[in-house]
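Asker: fold the following, please.
(one chain, ligands or ions: 1)
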Amino acid sequence: MKISVIGAGLGGLSAAAILASQGHKVDLFEQNETVGGKMQEINIGGYRFDTGSSLLTMPFVLEKVFEQCGQQASDYLEWKTLDPICRYQFSDRTVFNHFSDPEKNRSELMRIAPEDIDVWDEFLDYSADLYRRTSKSFLFNPLQRFRDLSAKSISDLLRIDAFSTVSRRVDDHFSSPRLRQLFKHFSTYNGSSPYLAPATLNVIPYVEMHLGGYYIPGGMYRLAESLLKLANNCGVRVHTDVPIDLIVPDPAKKRSISGVMINGALYEADAIIANCDATCTYLNLLPENALSRIRKRKISRMEPSCSGFVVMLGINRIYKQLEHHNIFFSDQYENEFRAIFEQKELPVGPTIYLTNSSLTDPDDAPQGCSNLSLLVNAPTIENGHQWHEWKETYTDHIIHTLEDRGLENLRESVVVRKAITPADFERLYGANRGSIYGTSSNTRRAAFNRPRNKSPWFDNLYLCGGSTHPGGGIPLVLQSALNVGTLVDRQKKS
Ligand SMILES: Cc1cc2nc3c(=O)[nH]c(=O)nc-3n(C[C@H](O)[C@H](O)[C@H](O)COP(=O)(O)OP(=O)(O)OC[C@H]3O[C@@H](n4cnc5c(N)ncnc54)[C@H](O)[C@@H]3O)c2cc1C
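Answerer: Below you'll find the model as predicted:
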């Protein structure tokens, strides 16, 4: 088949490589000059920054993508364990290092939450159980046809804790306010609020804390480069700087797409894979009358995940108290989520995710200096938001907050400074209202009903990426590409 892929994010690159290795003739169109989508890197004044992901989890999914293409991931890329995986700092300045060694964790727990020392293991067992129950029936399943659905075991479905919320279940387990905050933050890894999202998302701690968190030497962008190399080796024709204007339905054949419109000309294809945001695909890339008004209203009502406010600081010093990954928790945690999801405002007391990759990769900053990438969860774009004005003032606010939290004289040590706002995520990557993980999982329905990897309305339109099933974040995005490989193969055989 002749296949066109729209968007060279991690999902689009992987899907293109998989489909080309199945023998299809694949063209990949990316509107930007570089591939990788939200995973980019920038170099300014001797400092290197990853602008998106900083942590790789479940690398076995990445290995599977390469295997599907008859290759080995280790020939393209290396990744290494970070230990501690993360240093958490609470508002009273207490620090908790999360190590891979359980004994070391026990002594950390003795220091900050002795009352919950045994609950820690109990909670991780519960999280492991959620993983076991959700992986086959949900995470690694395209959920497209009856036989896929029947892979769901009823007893598993009843025991994935979908009727409580992340927050309530965490509070049921832990009495330590610090551990409560620590375990609630994981639902932000798919852009949701712990106070709203189903407790099923308590599967995420198992993924990071048990299956491990990894860093890619040389920077996370090496992952995007390795997928580009894989796609090239599989025979994909990659076209950058080529925006797709429209997905064109076939006038002669119901439920069929005939190709994509590029610069006013139709580029024909037997199948289309949209790696661009699913909401934008259905609402903006199809002609006005391609979907009914009711369908479009339903799609536009899906709540987007939160966005992010990213600040990159090149500083002329090293803070000894920083690890590679650091989280500075807000002292007003519930208010933070209320601000983001209800009031649609930037949080006054933000939780700050700080990555200091120059600790692991000294070449990321000049000698004696550091590259700090800061991520704060942010609301999606609303009318009246003034992102161009807030860019500098909110950056100042974040710097000030970190100074208060012990990074003394941070402001004076800044040599390079750059921010990325939700408006930039929308403009640069076509993210729906700047969301960084597609739709939110803030309700049961939303969590389990993400846009599927094959369109229900067109037989040859497929979707992959963080805005589709099974979800956002690197491993799930790669899984969506594997799903597309399976579903196109099924179409070919049918
Ligand atoms: C700040 C930040 C931190 C993150 N941290 C982590 C982390 O630590 N770990 C983790 O696992 N995940 C993390 N994520 C999430 C992860 O990066 C994303 O889920 C993943 O990169 C998204 O990949 P995607 O395939 O959905 O494509 P996207 O990155 O969304 O790319 C889509 C591509 O489609 C292109 N496109 C859109 N419209 C068109 C068009 N009309 N024509 C042509 N091209 C088009 C865009 O330009 C873009 O290149 C983070 C994300 C962000 C933003």
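
Asker: report how many residues lie close to I112.
Answerer: 18 (other CB atoms under 10 Å). Every C-beta, even on glycine, is put in place using the N, C-alpha and C of the backbone.

Asker: now swap in Q367 and tell me
Answerer: Other residues near Q367 come to 8 when the count uses other CB under 10 Å.

Asker: number the residues from 2 up from this point.
Answerer: Sure, I'll start numbering at 2, so the last one becomes Q368.

Asker: next, the contact list for it, please.
Answerer: By CB atoms under 8 Å, 6 or more residues apart in numbering, the contact set of Q368 is empty.

Asker: for it, give me the pLDDT.
Answerer: For Q368, the model assigns a pLDDT of 98.

Asker: ok, it to E42 distance?
Answerer: To E42, Q368 is 20 Å away according to CB to CB, to the nearest Å.

Asker: residue of the stretch 152-301 of the chain with the smallest distance to the ligand?
Answerer: Closest approach between the stretch 152-301 of the chain and the ligand, counting by CB to the nearest ligand atom: C277, at 3.4 Å.

Asker: show me what contacts that residue?
Answerer: Applying CB under 8 Å, 6+ apart to C277 gives the contacts 7-8, 245, 286, 431, 466.

Asker: which of the three states applies to it?
Answerer: The three-state assignment at C277 reads coil, by DSSP: H, G, I helix; E, B strand; the rest coil.

Asker: how much space between it and R179?
Answerer: Distance, C277 to R179, using CB to CB: 40 Å.

Asker: and the residue of the stretch 152-301 of the chain closest to the ligand, how far from R94?
Answerer: Between C277 and R94 the computed distance is 43 Å (CB to CB).

Asker: before we move on, back to that, just give the nearest non-adjacent residue to the residue of the stretch 152-301 of the chain closest to the ligand, would you?
Answerer: Spatial nearest neighbour of C277, excluding adjacent residues (CB to CB, 6 or more residues apart in numbering): G8 at 4.4 Å.

Asker: what pLDDT does the model give the one you found?
Answerer: 98.

Asker: that one and G38 touch, don't they?
Answerer: Yes. Using CB atoms under 8 Å, G8 is in contact with G38, at 6.5 Å.

Asker: report the buried residues of stretch 234-241.
Answerer: Buried positions in stretch 234-241, judged by neighbour count with 16 or more other CB atoms under 10 Å: 235, 237, 239-240.

Asker: no no, stretch 440-454
Answerer: Within stretch 440-454, the residues that qualify as buried are 440-443, 447-449, 451-454, counting by 16+ other CB under 10 Å.

Asker: I figured H325 hits S359, correct?
Answerer: No. Applying CB under 8 Å, one finds H325 not in contact with S359, separated by 9.1 Å.

Asker: near the ligand, which residues of the stretch 2-151 of the chain are found?
Answerer: Along the stretch 2-151 of the chain, the residues adjacent to the ligand under the rule CB under 6 Å from any ligand atom are 7-13, 30-33, 38-40, 53-56, 58.

Asker: picking up where we left off before, turn the buried residues of stretch 440-454 into CSV, including pLDDT and secondary structure.
Answerer: Output for the buried residues of stretch 440-454, formatted as CSV (pLDDT from 0 to 100; DSSP: H, G, I helix; E, B strand; the rest coil):
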residue, pLDDT, secondary structure
T440, 91, strand
S441, 88, coil
S442, 88, coil
N443, 89, coil
A447, 81, helix
A448, 80, helix
F449, 82, helix
R451, 92, coil
P452, 94, coil
R453, 95, coil
N454, 97, coil
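
Asker: now the two most distant members of those residues.
Answerer: N443 and N454 (21.7 Å; CB to CB).
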